[in-house]
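1. Here's a sequence, model it:
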Amino acid sequence: MILPTCLRCLPSCTLPGTWQMAMDAWLLDQVVAGRREGPLLRFYRWSRPTLSLGKHQRAVDPRWLRLVAAGKLEMVRRPSGGSAVLHGGDLTYALIWPDPPRQRREAYRLSCRWLQEAFAAMDLPLRFGETPCRSDQAHCFASSTAADLVHSSGQKRIGSAQLWRGRSLLQHGSVALAPDAGLWEAVFAEPAPCLPSLPLSGESLEAHLLAFAQRWFPSDTAEEAAGLGAVRTEVLQGWEWAEITASLARYELGALAEESSELSAMARASGSRASPRG
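-> Sure, this is the predicted structure:
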């Protein structure tokens with residue numbers, strides 16, 4: 001099965017976690033409402049070490065709260081499912097795909113194909129994990145399910161999570177690069193994963209991944225088929241940023257207050273909201 005139209009992308013950016021999550025959810029809403037076309041892909045990084053909790057994840061480890069209180073970690077709620085992911089030593093992507101296959105395993109397989117091809121080109125082939133999914137899993141990289149990509153040795157490189165809205169899909173993916181070993185152990189009480197080094201980094205890595213996404217997503221005009229404008233870059237306008245800003249509270253630390261009185265106290269004490277930059 002092939003995706004039905006050409007790929008659109010947003011420029012890579014580095015922002016606080018609340019902004020990144022709000023932007024992804026807003027973009028999904030725009031595609032669902034028919035106000036923006038898809039498929040749409042964007043890469044991003046996190047301005048501070050951040051722990052993102054899955055949409056339905058309710059367990060909040062006391063260690064996480066202490067790290068947040070000490071200013072060593074931020075915590076946000078993802079719109080997608082899955083378990084906790086530590087961001088900061090990773091490259092995150094969001095793929096928004098209108099009308100994907102309704103069978104979840106097939107949707108994961110197709111939406112990760114470009115990543116597999118990109119890593120194979122770096123002589124680092126990836127396969128899907130085989131561990132059964134568990135609802136009590138503390139964090140995303142604790143196991144490798146059929147939604148994740150692992151090296152031949154079994155080391156997990158990319159964790160993925162999804163949100164379905166109507167017939168459209170938001171897939172989040174975290175590409176592990178260089179996790180902070182000390183912070184990882186402080187958050188999860190276990191050693192950070194030891195992964196093969198990549199031959200590319202920074203903008204070069206993003207360009208490499210985008211090139212394979214461009215090859216995999218088909219073109220919808222003759223010019224694009226000839227290699228002209230096969231990826232359409234879209235930039236958010238001021239009014240669009242204003243709409244995203246209005247939804248920040250859904251993903252901020254305070255949004256978790258109902259689940260933890262300790263979190264509520266910390267949210268009231270902080271009382272400040274970051275603004276986008278980078």
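2. where do the helices sit along the stretch 101-250 of the chain?
-> Remark: helices assigned in the stretch 101-250 of the chain by DSSP state H, counting those that start in this stretch are 104-111, 113-121, 181-188, 202-216, 222-225, 238-246.
3. Which of those helices comes out lowest on mean pLDDT?
-> Of all the helices of the stretch 101-250 of the chain, helix 222-225 carries the lowest average pLDDT, namely a mean of 42.
4. can you pull the contacts of residue 250?
-> 21-22, 25, 77 (C-beta atoms under 8 Å, 6 or more residues apart in numbering). Any C-beta I mention is one placed from the backbone N, CA and C, and that applies to glycine too.
5. Turn those residues into CSV, columns for secondary structure, pLDDT and distance to residue 244.
-> Putting these into CSV (DSSP: H, G, I helix; E, B strand; the rest coil; pLDDT from 0 to 100; distance: C-beta to C-beta, whole Å) gives the following:
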residue, secondary structure, pLDDT, distance to residue 244
21, helix, 97, 10
22, helix, 97, 5
25, helix, 97, 9
77, strand, 94, 15
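6. Which one (most neighbours) among these?
-> Within these, most neighbours by other C-beta atoms under 10 Å means residue 21, with 27 neighbours.
7. Verify the stated contact: that residue with residue 79.
-> Yes - with contacts counted by C-beta atoms under 8 Å, residue 21 reaches residue 79, the gap being 6.1 Å.
8. which neighbours do the two share?
-> Residues touching both residue 21 and residue 79 (C-beta under 8 Å, 6+ apart): residue 251.
9. Now do residue 97: how many residues are near it, please.
-> 24.
10. can you pull the contacts of it?
-> Here residue 97 is in contact with 3, 38-39, 107, 111, 168-169, 171 (criterion: C-beta under 8 Å, 6+ apart).
11. picking that back up, going by distance to residue 122, which of the contacts of residue 250 wins?
-> Using C-beta to C-beta, residue 21 comes nearest to residue 122 of these, at 28.7 Å.
12. Distance check, the closest one against residue 119.
-> Using C-beta to C-beta, to the nearest Å, residue 21 is found at 26 Å from residue 119.
13. Output the below-cut-off pLDDT ranges for the protein.
-> 1-5, 131-146, 217-230, 253-278 (pLDDT under 70).
14. Would you tell me which of the helices of the stretch 101-250 of the chain gets closest to residue 31?
-> helix 238-246 (13.3 Å).
15. who's in contact with that closest one?
-> Contact with helix 238-246 is made by 19, 22-23, 26, 236, 276, as judged by C-beta under 8 Å, 6+ apart.
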